[in-house]
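Okay, sequence plus prediction incoming.
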Amino acid sequence: GAVVSQHPSRVICKSGTSVKIECRSLDFQATTMFWYRQFPKQSLMLMATSNEGSKATYEQGVEKDKFLINHASLTLSTLTVTSAHPEDSSFYICSAREGGGGEQYFGPGTRLTVT
Amino acid sequence: DAKTTQPPSMDCAEGRAANLPCNHSTISGNEYVYWYRQIHSQGPQYIIHGLKNNETNEMASLIITEDRKSSTLILPHATLRDTAVYYCIVRVVWSTDKLIFGTGTRLQVFP
C-alpha cells in the first residue's frame, strides 16, 4: 500500500514555543490530507482537512490560528502548533488521500510533549 | 458522529479466531464498510473493506449481513501482534467524505 511519513516522530518543546510537524506522501500524490489528534485512551479526532493549494477546513472547536496547516504541494502538508501549551500535548496523526476520493493512508504519528 | 457501534473490548486466545462485530444500521446503499486497526502508539492501519459481499485478504475476512446493517471482522488465527484497537467505519468510496473514527474495540490477544 501507499506510504505516508511524518516527521518528527517525537518532539518535546517548551511552553510558548511553536513546533512544526511534516506529513509526506512518499509514493503517490495526495490532493487531500487530514490531521487528527489523539489523547491517551481516546479515539482519533479529526482536526482539519487540507486540500493542496487552498486553505484548510477546520473542524468545529479547533482553533485555526493555533493549528496552522499548510498544504503547499501534492506530497507535503505541515501542521504548526503555535504557542504550544501543556494541554496541546498529544499524538498527532496525518493521513493522505489520493485524488478523486480514493483510499486514505495514515502516517505513523507524532508524539508532542509540551513542558 | 460515528455511524457505527462496536463493543468496547474483547479478549481472544492466541491461535483462535477473533470475531469483531460492528453495527451500522443506518448505512446507505453507496456506503462501504471499512476496518482499520491501531496498534499502540502507531497510526491506523487499513485492514479490509467491502460493500455487500464477503471479502477476504491476507489479513482478515469481512462478513457483511444480507441487510448490511452489521458486519463481522474475522482474524482467523489471532496472534499477540494483533492486540490493537479495531475501528469499523462506513464511508462512500470515491467521495470527499471524511473518515470519522468511533471508539472502536480494544482487542486483547492473550497467550
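Alright, I've got the coordinates. Numbers count the residues shown, from 1 in each chain, chains lettered A, B, ... in the order given.

Report the contact partners of the closest residue to A:K64 other than its chain neighbours.
Spatial nearest neighbour of A:K64, chain neighbours left out: A:Y58 (4.8 Å); criterion: CB to CB, 6 or more residues apart in numbering or on different chains. Where C-beta positions appear, they are placed from N, C-alpha and C, glycine not excepted. Contact partners of A:Y58, counting by CB atoms under 8 Å, 6 or more residues apart in numbering or on different chains, are A:M47, A:A48, A:K64, A:F67.

what's the strand or helix carrying A:F91 in contact with?
Using DSSP states H and E, A:F91 maps to strand A:90-98. By CB under 8 Å, 6+ apart, the residues outside strand A:90-98 that reach it are A:2, A:4, A:6, A:21, A:23, A:25, A:28-39, A:44, A:77, A:79, A:103-107, A:109-112, B:41, B:43-44, B:99.

and if we set it to 7 Å?
With contact meaning CB atoms under 7 Å, 6 or more residues apart in numbering or on different chains, strand A:90-98 is reached by A:4, A:6, A:21, A:23, A:25, A:28, A:30, A:32-39, A:44, A:77, A:79, A:103-107, A:109-112, B:43.

Might you specify the subset of the residues you listed located within strands?
Among those, the members falling in strands are A:4, A:6, A:21, A:23, A:25, A:30, A:32-38, A:77, A:79, A:104-106, A:110-112 (criterion: DSSP state E).

Any quick ChimeraX command for the buried ones out of those residues?
Selection of buried members from the ones in strands among the contacts of strand A:90-98 for ChimeraX, criterion 16 or more other CB atoms under 10 Å in any protein chain shown:
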select /A:4,6,21,23,25,30,32,33,34,35,36,37,38,77,79,104,105,106,110,112
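
Those residues of chain A touching chain B, which are they?
Proximity of chain A to chain B (CB under 7 Å from any CB of the partner chain) is limited to residues A:1, A:34, A:43-44, A:46, A:49, A:93, A:100-102, A:104, A:106-109.

now for those residues, which pair is the farthest apart?
Farthest apart among the residues of chain A next to chain B by CB to CB are A:S43 and A:G100. That separation is 27.1 Å.
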